[in-house]
Structure formats: C-alpha cells, structure tokens
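In: Make a model of this:
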Amino acid sequence: MNREILRLSIPIIISNISIPLLGMVDTALMGRMESEYYIGAVALGSLIFNFIYWGFGFLRMGTTGLTAQAYGRKDQKEITAILIRGLLVAAGGSLMLILFQRAVSWAGFALIPGEEAVKSLGEQYFFIRIYAAPATLALYVFYGWFLGMQNAKYPMILTVLVNVINIGFNVFFVTHLGMKSDGVALGTVCAQYLGVTAAVILFMIKYRHHLKNYERAILLKLGPIKRFFSVNADIFIRTVCLVFTFAFFTAASSALDSLILAANQILLQFISLMSYGVDGFAFAAESLVGRFTGEGSRNKLILAVRRLFMWGCGLGIIFAVLYGMFGKHLLYIFTDLDPIIKTASHYVWWLAVIPLFGAIAYMWDGVYIGATATKPMRNMMLVSILGVFLPVYVLFVRLIGNHGLWLALLMFMIARGLSLTLISKKYIFRIN
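Out: Below is the predicted model:
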C-alpha cells in the first residue's frame, strides 16, 4: 500500500510544489518594485481569481472522485462520459466569466477594502488574466480525470510545464519588457493555453481509445448527470467557503494596513507551500479512496486511509519544524524592503503551528472527496467558518490585531480536522 501511495503522491507533490513557487516568484518580482502597491495589486487581483477558480475547483476534485469510482467498477463508458461532461461545464463556465467580466470585477473589488492605487493596479491585472479562463478550467478537468485514472504522472507533467512556462513568461515580461503587475497577468494567460494544448496531446497519446466509448445516450443519462452535479455542487460550496476564508483573511489584512497586507501575503506563501505539499497525499487519497470505494473493498480502504494520514501528517510536521527554525530567514526570499520584513517577523511564528493542524484537515478533504461523501464535508466546512473562524476573528482582532487574524485561521484548521475526524466512521468507512 505504501508503494501505491508513493506512486501517486510523489508526482503530485512535485507538481504541487511548483504551484506556490509561481506565487513566490510573482511575489518576489513585485517585492522588488519601488512600492509595496505592486505586491498588493497582485494579491488583490489573485484574490478575485481565487474566488473564481477555487470555486470551479469541483471540476478537478469531483472529476477525480467520480472517475476513480468508475475506474474501480471498470465502467469504461461512464469514465469517458465524466470527462466530456466536465469539459462541457468548463466551456460554459469560462464563457460566462468572460462575458460578465466587468460585473465580476466590479463586485470583487467593491467588496475588498484597500487603497485606490492598489485596486487600480489590481483591476488592470484582472482584465488581462480573465482571458485564461477557458484553458484554466479545461485543465482542471484533465487533471482530475487523469488522477481518477490512477495516473499521477500526467498531472505532474502538465502542472510543472505550465508553471515553469508561467515563471519564464513572468520574468521575461517584468525584467526584460519593463512590465509590472500586468506582465504577471499576461504570463499566466500564455502559460495556461500552452498547458491545455499539452493536455490534449497527452490524452491522445495514451487515452485516445476511450473516445470509442462515447455514447450520447450515456452522456445525457439522468442518474449520472444528477450525481455529477450533486457531488460538484457540494464541492463547489465547500470550496467557495474555503476561498472565502482566505479571501476574508486577505481583505482583513488590507483593512488593517498596506504593510500588514504585504507581510501577510508573504507569510501565506509558506502556508500555500505546505498545503500543496500535503495535498500530494490528499490527492492520492482522492484517487485511492475512490478506487477502493468503487471496488467495495473496505479493508483496503481502511488501510489506505491509515497509511495516507501517516505520510500526509508526517510531512506537515516537517514543514512546521522547518518554518519554526528558519522562518525569519526565509522572508528575504520574497522582498528586500525592510518595513515589510520587520512587520512579517512579528507574525512568522504562526507558521510553526498552523501546518500541524492544517495537514489533518487537508488529508480528510482528499478522503471525503474520493468517497464522494461531499455533503458532510460541506456541512463541516460551514460549521468551521460560521461557528469558529468568524467568531474568533471578531472577538480577538480588536484585542490583538493581526495576531487575532492568524488565531482565527488556526482555529479554523483545528475545527475542520476535528469535525471531519468525528464523523468519518459514519460517512467514509460505511462499505459492508
């Protein structure tokens, strides 16, 4: 079982680590501009896209769980239908985003407190990057489908390729063409379309034979369609809630101070790096739990979950130790501006605590998605936000300022991990 876990998780970890590296490079590029406004602009612009793309994250997560279960049942026709359904939803969603981009931008930036100069640069970033939507959402579907097919190598190839190309374009546009936050946005657009082109090529190389399984009658079959949208609706709500939490964190940072915003944005890069590392095992959980649920193998399911938690939580502990020992020194990777460094240094110790509890929450997410136990996962997310995160923020931010904001994030992680653990016997290990 350990070999199977590592076969899936190691490529995902490699690919996932490249994702926050992109954010780190962007932050480092903007951190060396003449003003902290550029870091804030990318932070606020990215915040809107986090709402959008994390909201559409069900296209990857739902596709993985459903495909993995169909793979376990050896249902070849449904495997093909899941991919096509996902791509159709991605196409429709991206078209709506482009058509209503001005309304989305207005709503997003109207809800975010911050200085007008930062917002203006953020809007410029938004109106360039929005045109990557069709490629980005299609890539979500391909990532999820490949992983559901127990193939972690293709998502690794695509993710690393897209992010390396993205970093290259961003560095070129900013350092050689003299662009600023707009160059970061344009680099993302170029990389996403090259990435989806590569995804189609990989599909045709290995999975072209699945196209012969396409049947319009199965694609439009009411039962699977209803389940597809039911599962994805729950994941959508859960993901929007998660995005809301980090968006609220960023917006609350902006309301406190532009230096606090810049400092917290840098610190969140470390949380992002940890989450993407642990998510390697969480994504493996989606694939393996889905497969064993589809096979109806309870013993393999229990063994897989135990081993997955051993690996995922172990990695979380490693991150916590590294951040605790070297956190202050790592800040210089992102900026050479002394005011930002000094501000971030006051809060860097939170990085040694949050990974310990965040890893548990991230691992349960993968397990629940693989089992398509999405309703309880959604409900526990709502409880953790409304019953823990927001009340802790309201109670403590006035007393201890930015420390209150970080305390709210920590308690949110604890609440998610604990609540999902308590109900796991009922919703995960229910196979007879």
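In: I figured P224 hits I79, correct?
Out: No. P224 lies out of contact with I79 (CB atoms under 8 Å); the separation is 11.2 Å. To be clear about C-beta, it is placed using only N, CA and C from the backbone, and glycine gets the same treatment.
In: out of those two, which sits in the more crowded spot?
Out: When P224 and I79 are compared for neighbours, I79 comes out ahead with 22 against 19, by other CB atoms under 10 Å.
In: can you pull the contacts of the more buried one?
Out: 67, 70-71, 148-149, 210, 213 (CB atoms under 8 Å, 6 or more residues apart in numbering).
In: Nearest residue to the residue most central in space within the chain in space, ignoring adjacent ones along the chain?
Out: Nearest residue to the geometric centre of the chain (CA atoms, centre = their mean): W54, 6.1 Å. Using CB to CB, 6 or more residues apart in numbering and skipping the chain neighbours, the partner closest in space to W54 is V243 (4.1 Å).
In: try R129
Out: A185 (4.1 Å).
In: show me where pLDDT drops low in the stretch 101-250 of the chain?
Out: Residue ranges of the stretch 101-250 of the chain with pLDDT under 70: 112-119, 178, 214, 216-223.
In: Helices of that one, start to end?
Out: Using DSSP state H, counting those that start in this stretch, the helices of the stretch 101-250 of the chain run over residues 101-111, 116-129, 133-148, 153-171, 181-206, 216-219, 222-256.
In: And the stretch 251-400 of the chain, by the same measure?
Out: 258-295, 298-330, 338-345, 354-370, 374-384, 390-400.
In: looking only at pLDDT, what's the mean for the longest one?
Out: Helix 258-295 shows a mean pLDDT of 86.
In: Now for I98, how many residues are close by?
Out: Neighbour count for I98, taken as other CB under 10 Å: 12.
In: what does L351 give?
Out: Neighbours of L351 (other CB under 10 Å): 24.
In: ditto for K77
Out: 18.
In: Where does it sit, in terms of helix or strand?
Out: In the assignment (DSSP states H and E), K77 maps to helix 76-99.
In: For that helix, which residues meet the burial criterion?
Out: Of all the residues in helix 76-99, those buried under the rule 16 or more other CB atoms under 10 Å are 77-87, 89-90, 93-94, 97.
In: Report the angle between that helix and helix 222-256.
Out: 40 degrees (axes from the mean of the first three to the mean of the last three CA atoms, to 10 degrees).
In: quick one: average pLDDT of helix 76-99?
Out: 90.
In: same check, this time on stretch 355-373
Out: 91.
In: Send over that stretch as PDB, restricted to the C-alpha atoms.
Out: Taking Å, rounded to 0.1, in the frame of the first residue of the first chain, the C-alpha atoms of stretch 355-373 are listed here in PDB:
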ATOM      1  CA  PRO A 355       0.900  23.200   9.500                       C
ATOM      2  CA  LEU A 356       0.400  20.700  12.400                       C
ATOM      3  CA  PHE A 357      -3.400  21.100  12.200                       C
ATOM      4  CA  GLY A 358      -3.800  22.100   8.600                       C
ATOM      5  CA  ALA A 359      -2.300  18.800   7.400                       C
ATOM      6  CA  ILE A 360      -5.100  16.800   9.200                       C
ATOM      7  CA  ALA A 361      -7.800  19.000   7.500                       C
ATOM      8  CA  TYR A 362      -6.300  18.700   4.100                       C
ATOM      9  CA  MET A 363      -5.900  14.900   4.300                       C
ATOM     10  CA  TRP A 364      -9.600  14.500   5.300                       C
ATOM     11  CA  ASP A 365     -10.600  16.600   2.300                       C
ATOM     12  CA  GLY A 366      -9.000  14.100   0.000                       C
ATOM     13  CA  VAL A 367     -10.600  11.100   1.700                       C
ATOM     14  CA  TYR A 368     -14.100  12.600   1.700                       C
ATOM     15  CA  ILE A 369     -13.800  13.700  -2.000                       C
ATOM     16  CA  GLY A 370     -12.600  10.200  -3.000                       C
ATOM     17  CA  ALA A 371     -15.500   8.600  -1.200                       C
ATOM     18  CA  THR A 372     -17.900  11.300  -2.700                       C
ATOM     19  CA  ALA A 373     -19.100  12.000   0.800                       C
END
